[in-house]
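J.: predicted model, plus sequence, below.
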Amino acid sequence: HEATRPISPAPDGTDCPRFEGARQEKQETADPHLERIKELGCLYAFSELLRIPGLSVPALCQGVVDLIPAGWQYPESACARLILEGQHSTTANFRETAWGLQSPIVLHGKPVGVLEVYYLSEKPMCGEGPFLPEERRLLSAMAGRLGNNLERRHAEAALRESELVFHTLAQISPVGIFRTDAHGDCVYVNERWCEIAGMSAEAALGQGWARAIHPEDRDQVFAEWYRSAKENRPFKMEYRFQRPDGVSTWVMGQALREPSSADRSGGYVGTITDITERRDTEEALRRSQENLTRAQEVAHIGSWHLD
């Protein structure tokens with residue numbers, strides 16, 4: 001069944017499609033290469049727009065609609081609108097008409113807006129209404145890439161917020177906090193870590209953090225670190241830090257692998273807790289027990305306890 005089209009009387013009195021002659025003229029005069037150049041130019045300008053650093057979402061949306069008319073068959077009659085989460089961006093000449101083309105904008109699998117193109121006056125039918133099949137593909141491609149760009153922006157904003165919370169908590173934490181990349185190179189330490197290690201944050205970056213480990217414990221720490229990484233399990237170990245002034249501090253070191261993302265391989269985040277007081281108490285208790293045992297051996301007496 002052929003779709004109904006507007007008709008007008010022909011010179012001989014019979015009815016004929018109103019745009020039959022206009023369509024034929026368009027087919028004879030339109031340069032398909034020129035149309036492709038216009039579409040590619042629009043897509044290229046759109047790609048450049050997405051690359052502008054720091055461009056706000058409202059400015060991006062306005063830039064998108066302003067680019068669209070030049071890429072369509074009849075730019076002088078084209079207008080565009082972008083609706084995103086209830087906010088409208090339009091070309092200066094925008095008017096919603098019966099001759100429109102729409103493509104949804106999807107964010108995380110859910111529609112959040114629509115990108116629309118309209119002609120302000122009736123044009124010959126040539127595909128999807130007055131729009132070429134290539135124009136449908138172009139509009140869909142722009143809406144798809146815009147959705148991907150917005151998803152990336154949302155992810156970056158969430159990451160920035162997460163990093164801000166992390167750094168705020170790290171500054172007030174009573175334990176030393178560190179982060180490394182996937183290769184074990186330090187990328188961050190908090191102030192408490194620097195206090196325990198006797199080392200500046202700048203000096204700890206890269207492999208600098210390893211200099212804070214007591215020389216007698218360094219090989220054991222490295223061996224356990226690489227073992228836990230290979231076995232994909234948390235790192236946990238008691239060892240000593242030695243400050244540049246020679247003061248040693250016992251710490252409990254713990255670390256977990258961070259999840260990987262599309263643009264970042266997972267590193268490690270960990271803590272060091274000063275356990276020197278506990279170790280000193282345990283050592284004093286051990287020496288006291290040894291002294292008691294020796295004294296009993298000398299006196300040839302034993303020890304007992306009451307239930």
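T.: Perfect, I can see it now. Numbers count the residues shown, from 1 in each chain.
J.: can you pull out the strands in the stretch 101-250 of the chain?
T.: Here the stretch 101-250 of the chain has its strands, by DSSP state E, counting those that start in this stretch, at 110-119, 176-180, 186-189, 235-242, 248-257.
J.: nearest to E151, of those?
T.: Across the strands of the stretch 101-250 of the chain, E151 has its closest neighbour in strand 110-119 (10.1 Å, C-beta to C-beta). C-beta here means a position set from N, CA and C on the backbone, and glycine is covered the same way.
J.: dig out what S248 forms beta bridges with.
T.: Q242 (DSSP bridges).
J.: now it: how far from R278?
T.: 14 Å (C-beta to C-beta, to the nearest Å).
J.: same deal with L150?
T.: 51 Å.
J.: tell me which of those two has more neighbours.
T.: L150 (21 against 13; other C-beta atoms under 10 Å).
J.: got a list of what the more buried one touches?
T.: When contacts are counted by C-beta atoms under 8 Å, 6 or more residues apart in numbering, L150 is found next to 57, 84, 105, 107, 112.
J.: nearest to K236, of the residues you listed?
T.: Of the contacts of L150, the one sitting nearest to K236 (C-beta to C-beta) turns out to be L107, at 40.3 Å.
J.: returning to what we had before: restricted to buried residues, select the contacts of L150 in ChimeraX.
T.: Those of these that count as buried under 16 or more other C-beta atoms under 10 Å are selected in ChimeraX with:
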select :84,105,107
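J.: adding pLDDT and distance to I177, write the contacts of L150 out as TSV.
T.: Shown next, in TSV, are these (pLDDT from 0 to 100; distance: C-beta to C-beta, whole Å):
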residue	pLDDT	distance to I177
V57	94	33
L84	96	38
I105	96	40
L107	92	33
V112	95	37
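J.: lowest confidence element among the helices and strands of this structure?
T.: Sorting the helices and strands of the chain by mean pLDDT, DSSP states H and E puts strand 7-9 at the bottom, at a mean of 36.
J.: from G267, how far off is H183?
T.: Taken as C-beta to C-beta, the span from H183 to G267 is 8 Å.
J.: more neighbours, these two?
T.: Using other C-beta under 10 Å as the criterion, H183 and G267 rank with G267 on top: 19 against 10.
J.: so the more buried one is in contact with F178, correct?
T.: No. With contact defined as C-beta atoms under 8 Å, G267 does not reach F178; the gap is 10.2 Å.
J.: what mean pLDDT does stretch 227-235 have?
T.: Mean pLDDT, computed over stretch 227-235, is 91.
J.: pull the residues that contact that stretch.
T.: Contacts for stretch 227-235 (C-beta under 8 Å, 6+ apart): 184, 224-225, 236, 253-257, 268, 270.
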